[in-house]
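[1] here's a sequence, model it:
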Amino acid sequence: MKKSPDKPRLLIAMREELPKGFFGSREWARLNAVTDIIAGFPCTDFDTAEGSKALAEADILLAAWGTPSLTRERLSRAPKLKMLAYAASSVRSVAPPEFWETSNILVTTAASAMAVPVAEFTYAAIIMCCKDVFRLRDEHRKERGTGGFGSRRGMSLPYLGTYDRRIGIVGASRIGRLVIEMLGRGNFEIGVYDPYLSEADASALGATKMDLHALLAWSDVVSLHAPILPETRHMIGARELALMADHAVFINTARGWLVDHDALLLEAKSGRLRILIDTPEPEPLPTDSLFYDLPNVVLTPHIAGALGNELRALSDLAITEIERFIAGLPPLHPVFKQDMERMA
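    Numbering: from 1, shown residues only. Next up is the predicted model:
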């Protein structure tokens, strides 16, 4: 590809399989219209001769999962770099603490686009788990219609159903707020725990601010949306799980970091709670983990986030940020050093 003297040079750096999902003909056309894409993409190593040369030429870095970390030493080899457009959520892996100490590079994130499929998945999980769809599906498959219409549909089980259920949201993150918005369209009471959220802000969202233990005891469904921070490590342990009511639903589409999985397994084995885990700890779980087999546990393989064509929403936002930067317009979703204190 011939270099244009008028266009900034773009380096695409991410896992090798990602461009196929991120970019279709429309996305490539948009990128080619405003940038010169450095050949040899995606770059997965800034320390090889080829990677180092590409990094030195780059004005803009389009990054995602698998992008090498921009350490102080690597930044010293990127004298032209002015923008990091991250086509995923948290920028921590590519922009470590030393990045913020040594550069004035604009950083943008596609976290708002990533939040949408996670929130949609969570909302659907709340509905499906409230109706115990997965257990009833398994029983129906096993009995093949011989178990009786009424008993299999849960018509006599008052803990099933969605009407007037109390939903507890742990973390008023982008995703948590979107879930609250979706729940606001139905017949739900909504509580939220977030130490950074005021009562007035919670009320504006359509929720009631509560402390964590009160929320757990109050809720019919608890859904986790807190970030990975030192203070959130195993914030849900045996004491917290014991506060939840019998037959309550526990959903984790955030990170396994938040939950003591030894304590969760004990509760799961008791059969007292209904549990959906999309992000376990460790990930993946060992092949002999009981979580795979318990009838009251739904285990999904980290699919709440962008999947399939949902990746295009991430690249669309990242490309929009690049187009705005080149046009001299302010970014839609910039990331600043102070944001790192609360960013996952």
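
[2] after the least confident helix or strand in the chain by mean pLDDT comes which helix or strand?
    Within the chain, confidence by mean pLDDT, DSSP states H and E is lowest for helix 149-152 among all helices and strands, at a mean of 52. Towards the C-terminus, the helix or strand next in line after helix 149-152, according to DSSP states H and E, is strand 165-170.

[3] contacts for stretch 188-207, please.
    The list of residues contacting stretch 188-207 from outside it, by CB atoms under 8 Å, 6 or more residues apart in numbering, reads 162, 164-172, 176-177, 180-181, 183-184, 208-212, 215, 218-219, 226, 342. Yep, even glycine has a C-beta here, placed from its N, CA and C like the rest.

[4] can you flag the buried ones in the residues you listed?
    162, 165-172, 176-177, 180, 183, 208-210, 212, 215, 218-219, 226 (16 or more other CB atoms under 10 Å).

[5] any chance you could map the helices in the stretch 51-200 of the chain?
    72-75, 97-102, 111-130, 133-143, 149-152, 174-183, 199-205 (DSSP state H, counting those that start in this stretch).

[6] pick the most buried one from these.
    helix 174-183 (a mean of 23; mean count of other CB atoms under 10 Å).

[7] for that helix, what is the average pLDDT?
    Computed over helix 174-183, the mean pLDDT rounds to 98.

[8] ok and it relative to helix 111-130, angle-wise?
    For helix 174-183 against helix 111-130, the angle by axes from the mean of the first three to the mean of the last three CA atoms, to 10 degrees is 50 degrees.

[9] state the distance from the residue nearest the centre of the chain to residue 175.
    Here the mean C-alpha position of the chain is nearest to the C-alpha of residue 305 (CA atoms, centre = their mean), at a distance of 5.3 Å. Separation of residue 305 from residue 175 (CB to CB, to the nearest Å) stands at 10 Å.

[10] what is in contact with these two at once?
    residue 118.

[11] and the strands in this protein, which stretches?
    9-13, 36-37, 60-63, 83-86, 106-109, 165-170, 188-193, 208-209, 221-224, 249-252, 274-277, 297-299 (DSSP state E).

[12] can I get those strands in JSON lines including mean pLDDT and distance to residue 289?
    As requested, the strands of the chain are arranged in JSON lines below (pLDDT from 0 to 100; distance: least, CB to CB, whole Å):
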{"stretch": "strand 9-13", "mean pLDDT": "98", "distance to residue 289": "34"}
{"stretch": "strand 36-37", "mean pLDDT": "98", "distance to residue 289": "43"}
{"stretch": "strand 60-63", "mean pLDDT": "98", "distance to residue 289": "33"}
{"stretch": "strand 83-86", "mean pLDDT": "98", "distance to residue 289": "32"}
{"stretch": "strand 106-109", "mean pLDDT": "98", "distance to residue 289": "33"}
{"stretch": "strand 165-170", "mean pLDDT": "98", "distance to residue 289": "23"}
{"stretch": "strand 188-193", "mean pLDDT": "98", "distance to residue 289": "28"}
{"stretch": "strand 208-209", "mean pLDDT": "98", "distance to residue 289": "35"}
{"stretch": "strand 221-224", "mean pLDDT": "98", "distance to residue 289": "19"}
{"stretch": "strand 249-252", "mean pLDDT": "98", "distance to residue 289": "15"}
{"stretch": "strand 274-277", "mean pLDDT": "98", "distance to residue 289": "10"}
{"stretch": "strand 297-299", "mean pLDDT": "98", "distance to residue 289": "8"}
